[in-house]
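>>> Dropping the sequence and predicted coords here.
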Amino acid sequence: MVALNQIWHDFLNIIGQEVGSRVVETWLKALVLERWDEQQKTVYIRAPNTFVREWVHNHYLGLFQKNLARLFAVNTVAVVLSEKDLASCQETIVVPARLMIDDTEIANKKNQSVNASYQFDTFVVGPSNSLSYAAAQAVTQRPGFVYNPLFLYGGSGLGKTHLLHAIGNDIRKKYKKLAVLYQPADRFVNEFIHAIRFDKVDLFKEKYHAIDVLLIDDIQFIAHKEQTQEAFFHIFNSLYESSKQLVFSSDTYPKAMHGIADRLRSRLEWGLITDIQTPTIEERVVILKRKAELMGAALADDVACAIAEQHLCNVREMEGVLIRIFAFAALTNQAINVDLVRKIVQRSQLNGGKRALGIEFVAERVAQANNVTLAQLRAKTRSKEITLIRQLAMFMMKKLTEASLQEIGLCLRRTDHSTVAHAVAKIERIYQQDERMKTMLESIERSCGR
């Protein structure tokens, strides 16, 4: 049991670094790691209720599979999510080990990678995303022949992943014989490394060449990985020449991607490129009310406006705030109104919680304080001066926001979140020893309203 407790502790720490402490506090600390079946490579996890169980399954399953497999030192794990003790468990969600290149399912085109909870009719459309939405719907009419490839780009949490899954779900309904695969780019990279390590590159190619609709999320993560790009280049060519549909998402416009081979970048630009922008206040209100409906609750207009006016960077952050409000209201038996919203925001600040500052806003404040621009911090230059200021920005972005290391890295055009972790640790050491730097960083913190 001690070993399991330590593994669970390490898992929560890793997730906190990858996606932020808010996810851990809101969802994962309510879970219990009950048992590890080494023979079956299965993890048994108990949730407090059905809502938490299904939310974790729909939103964080990939994180469980990837990180628990690493912590238990196996290639893949199966996850059993239950809301009861194992002895009395009647209703569970059984999650098979992640599809790998040596699975027997390679030959089976009916993969289950697409998340059924993401549909077009649950996507809130407005001026900030209408073109991307229309293009996403268009490719489902004639996959492989309209807008191929389709490239969606925009900041984190604005709905790119939602649209990718919605495309996959819609195509699967209309064309039941087509093989649809949704794949985050980092998983594609890991799968290719696995293929090389175990001499299964041919099986890797066979799997992807059999796909009819390939949806790659966060394609920027293949940057600076030459072998992976080479493999992806040939997969792209094979699928494109066979009129198979390709859809990609990224936080960056293709031309602005660093570490991508020119011939691959040009292919990413072959089809239609659309961007998703930050929603307006009016769009935020509509999104919040729609999210509340999907959670089975109603949200008054004044409450939705009060939440929308907070300094939230994206839809994911808005959803997180909404969940905390519903949870607080339910636990304290209070009505959801404007006063409650303000109370929760104020309480978060008084308890040392990090204000919902945008990471880009913090980065700009650091840049201004050091007489450089945000563009310079995002550039490839590695001069000592710029590198140090960039590290200062990473440190302050982590300190003042709930952003994950990955989100901070992407904001500054760095794809490896370990670079951010190194920067945060380095500046933390200097901060404790150098009074001048401490004074400067405290001044920047005040300029951010803290």
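Arrived safely, thanks for sending. Residues are numbered from 1 along each chain as shown.
>>> use CA for all of it now, contacts and neighbours both
OK.
>>> Tell me where the stretch 101-250 of the chain has helices.
In the stretch 101-250 of the chain, the helices defined using DSSP state H, counting those that start in this stretch lie at 130-139, 160-174, 185-197, 201-209, 226-241.
>>> Pick the most buried one from the ones you listed.
Ranked by mean neighbour count under mean count of other CA atoms under 10 Å, the helices of the stretch 101-250 of the chain are led by helix 160-174, which reaches a mean of 22.
>>> and the angle from that one to helix 130-139?
20 degrees (axes from the mean of the first three to the mean of the last three CA atoms, to 10 degrees).
>>> And the helices of the stretch 101-250 of the chain: which comes nearest Ile344?
Across those, Ile344 has its closest neighbour in helix 160-174 (28.1 Å, CA to CA).
>>> for the record, mean pLDDT for the closest one?
Helix 160-174 shows a mean pLDDT of 93.
>>> who does that helix touch, helix- and strand-wise?
With contacts taken as 3 or more CA pairs under 8 Å, 6 or more residues apart in numbering; DSSP states H and E, helix 160-174 sits against helix 130-139, strand 150-154, strand 180-184, strand 213-217, strand 245-250.
>>> now those as TSV including mean pLDDT?
Shown next, in TSV, are these (pLDDT from 0 to 100):
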stretch	mean pLDDT
helix 130-139	92
strand 150-154	91
strand 180-184	92
strand 213-217	95
strand 245-250	95
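>>> Identify whichever of the ones you listed lies nearest to Leu322.
strand 150-154 (22.4 Å).
>>> how near is Phe51 to Asn67?
23 Å (CA to CA, to the nearest Å).
>>> My error: substitute Ala330 in the last question.
Applying CA to CA, the value for Ala330 to Asn67 is 32 Å.
>>> Of those two, which one has the most company?
Counted by other CA atoms under 10 Å, Ala330 and Asn67 do not tie: Asn67 has more neighbours, with 18 against 12.
>>> Wait, that one touches Asn13, no?
No. Under the criterion of CA atoms under 8 Å, Asn67 makes no contact with Asn13, lying 10.7 Å away.
>>> circling back to that earlier point, can you redo the helices of the stretch 101-250 of the chain as CSV with distance to Glu428?
Shown next, in CSV, are those (distance: least, CA to CA, whole Å):
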stretch, distance to Glu428
helix 130-139, 41
helix 160-174, 34
helix 185-197, 28
helix 201-209, 42
helix 226-241, 33
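>>> closest to Thr26 out of those helices?
Closest to Thr26 of those, according to CA to CA: helix 160-174, at 21.2 Å.
>>> quick check: domain ranges of this structure?
The record's domain parsing of the chain by automatic domain parsing lists 2-98, 120-276, 281-350, 359-447.
>>> okay, how far is it across the last one, tip to tip?
One end of domain 359-447 to the other measures 14 Å (CA to CA).
>>> Looking at the domains of the chain, which is nearest to Ser113?
Within those, the stretch nearest Ser113 is domain 120-276; the backing value is 5.5 Å (CA to CA).
>>> Against which helices or strands is the helix or strand containing Arg436 packed?
Assigned by DSSP states H and E, Arg436 belongs to helix 435-447. When contacts are defined as 3+ CA pairs under 8 Å, 6+ apart, helix 435-447 packs onto helix 359-369, helix 384-400, helix 417-433.
>>> Quick one: mean pLDDT over it.
For helix 435-447, the mean confidence score works out to 81.
>>> what angle do that helix and helix 359-369 make?
If you take the same axes, to 10 degrees, helix 435-447 sits at 130 degrees to helix 359-369.
>>> ok, residues contacting helix 435-447?
Arg365, Val366, Ala369, Met396, Leu400, Ile430, Tyr431, Gln432 (CA atoms under 8 Å, 6 or more residues apart in numbering).
>>> Ok, stretch 256-267 next?
Contacts for stretch 256-267 (CA under 8 Å, 6+ apart): Gln220, Ile222, Ala223, His224, Lys225, Gln229, Phe233, Pro254, Lys255, Lys380.
>>> Return the set of buried residues in the helix or strand in which Arg265 is found.
Using DSSP H and E, Arg265 sits within helix 262-268. Neighbour-count burial for helix 262-268 flags Leu264, Arg265, Leu268 (criterion: 16 or more other CA atoms under 10 Å).
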